[in-house]
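Chemist: test case, fold it:
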Amino acid sequence: MYCPLTATPFQRDRYYTEIVPCKELRPYIRCYWGTEEARIREQKKPVSKLVIPDTCADIIYSIDDTAHTVSGGFCGVNDRSFYAIAGENAGHATATFAIRFYAWSAYAFVEDSLKCTVNGHYEVGERFGWLDKMLRPKLLELKTLREKAAFAEELLLKKLSYRRENKIIDNVIPYMIATRGALEISDLAKEFFVSTRQLERLFHDYIGLTPKKLSNLIRYQLLWRDILCETDFDILSGVHRYGYTDQSHLLREFKRYHSMDIQSAKILALKYVGNIQDTLPQPMVK
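Modeler: I've put the predicted structure just below:
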């Protein structure tokens, strides 16, 4: 299984919880996430959080129970890290509800191409109009994260039977993951009897990234999991396992995507656990 990680994958608190989707939707959705219920934040200053390329695309809703408003956005897959600032209206009870799609599966539920959506932020209705129309009005009524996730899941399951499909994309992605993102794109195209140009066009339209870029991000994510899961992680082994040219190449690419070196990244991630031996938490099963 491919399970991409955030910069702080151990974090679970009243401001951030993950729920695993049902079995039918797990190939498409990494998780539902958000706050358990509307709360007034204790922090007086806006909180910034590191967001790394996790090979996912998110629909994120901010629910203001005090003002009775719901705002939402679709965040395309990112190929770089950045700091997101969470700031709510002072004295307002607010909640967050989000759906995290895998980068290559969001297209199954959209009404338009995902072309040029990388690193972008858009109104949910631009590409998920059918979902936004039914989900947004219910988010003030549904109070807990589980209630919101259950309702969203009901809508997505109904859409699943007439989702968009592309056999090439659906077959290439598992192969790309199985080869740890280390296969040359020309070899990948030959494996599935398509031209490199055709493969790039399909990825651009259905995912928003080139095959090469997505391949590199998958490799980075698999490396990041090894760094956190293997207590005796060895950089040279990582070089061999993931096909980096050398140690410098691995370290340079990791820092480019993560915005910090491996040691600093581990310190940030392990801030939420007491022992480096702890295993990575799995999202809550719905």
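
Chemist: look up how far T8 lies from the residue positioned nearest the centre of the chain.
Modeler: Closest to where the C-alpha atoms of the chain average out (CA atoms, centre = their mean) is C56, at 2.8 Å. Taking CB to CB, to the nearest Å as the measure, C56 falls 15 Å from T8. Just so you know, the C-beta spots here come from the backbone N, C-alpha and C atoms, and that holds for glycine as well.

Chemist: ok so, going back, quick check: pLDDT value at the residue nearest to the centre of the chain.
Modeler: pLDDT for C56: 98.

Chemist: what do you get for the one 3 residues further on?
Modeler: The predicted structure scores I59 at 98 on the pLDDT scale.

Chemist: residue contacts, it?
Modeler: I59 makes contact with 72-75, 98-99, 101, 124, 128, 131, according to CB atoms under 8 Å, 6 or more residues apart in numbering.

Chemist: again, 7 Å this time
Modeler: Contact analysis of I59 by CB atoms under 7 Å, 6 or more residues apart in numbering lists 72, 74, 98-99, 124, 128.

Chemist: top of those by neighbour count?
Modeler: Highest neighbour count within these: I99, with 31 neighbours (other CB atoms under 10 Å).

Chemist: how about it: what's its closest non-neighbour residue?
Modeler: Nearest residue to I99, sequence neighbours excluded (CB to CB, 6 or more residues apart in numbering): I59, at 4.6 Å.

Chemist: ditto for D226
Modeler: D226's closest residue in space is F233 (CB to CB, 6+ apart), at 5.8 Å.

Chemist: quick one: the residue nearest to the centre of the chain from D205, how far?
Modeler: Taking CB to CB, one finds C56 at 18 Å from D205.

Chemist: now do V118
Modeler: For V118, the distance to D205 - CB to CB - is 12 Å.

Chemist: in this protein, which helix is the longest?
Modeler: When the chain is parsed with DSSP state H, its longest helix is helix 211-229.

Chemist: quick check: buried residues in that helix?
Modeler: Across helix 211-229, burial judged by 16 or more other CB atoms under 10 Å covers 211-224, 227-228.

Chemist: from the chain's centroid, how far away is that helix?
Modeler: In terms of CA atoms, centre = their mean, to the nearest Å, the centre of helix 211-229 is set 13 Å apart from its chain centre.

Chemist: and the pLDDT at D278?
Modeler: D278 is given a pLDDT of 49.

Chemist: typed the wrong thing, it's V47
Modeler: V47 is given a pLDDT of 73.

Chemist: can you give me the domain boundaries for the protein?
Modeler: 17-160, 167-272 (automatic domain parsing).

Chemist: reformat those domains as JSON lines; add distance to C3.
Modeler: As requested, those are arranged in JSON lines below (distance: least, CB to CB, whole Å):
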{"stretch": "domain 17-160", "distance to C3": "7"}
{"stretch": "domain 167-272", "distance to C3": "7"}
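
Chemist: the more surrounded of V118 and D205?
Modeler: With neighbours defined as other CB under 10 Å, V118 and D205 compare such that V118 has more, 21 against 15.

Chemist: quick one: that one from L209, how far?
Modeler: According to CB to CB, V118 and L209 sit 6 Å apart.

Chemist: flag every buried residue along stretch 116-125.
Modeler: 117-118, 124.

Chemist: about what we covered before: what sits in contact with each of V118 and L209?
Modeler: By CB under 7 Å, 6+ apart, the residues touching both V118 and L209 are 77, 79.

Chemist: circling back: surely the residue nearest to the centre of the chain is in contact with I99?
Modeler: No: contact criterion CB atoms under 7 Å: C56 and I99 do not qualify, at 9.9 Å.

Chemist: the residue nearest to I99 should be in a strand, yeah?
Modeler: Yes: assessed with DSSP: H, G, I helix; E, B strand; the rest coil, I59 lies in a strand.

Chemist: identify the bridge partners of it.
Modeler: When assigned by DSSP bridges, I59 has beta-bridge partners F74, I99.

Chemist: any weak-confidence spans in the protein?
Modeler: 41-46, 86-90, 274-286 (pLDDT under 70).

Chemist: where do the strands sit along it?
Modeler: 17-20, 29-34, 47-51, 56-64, 69-75, 82-86, 94-102, 121-122, 284-285 (DSSP state E).

Chemist: OK, contacts around the nearest residue to Y107 once chain neighbours are set aside?
Modeler: Computed as CB to CB, 6+ apart, the closest residue to Y107 that is not its neighbour in sequence is Y206, at 4.4 Å. Y206 sits next to 107, 114, 166, 169 when contact means CB under 7 Å, 6+ apart.

Chemist: cool, thanks, talk later.
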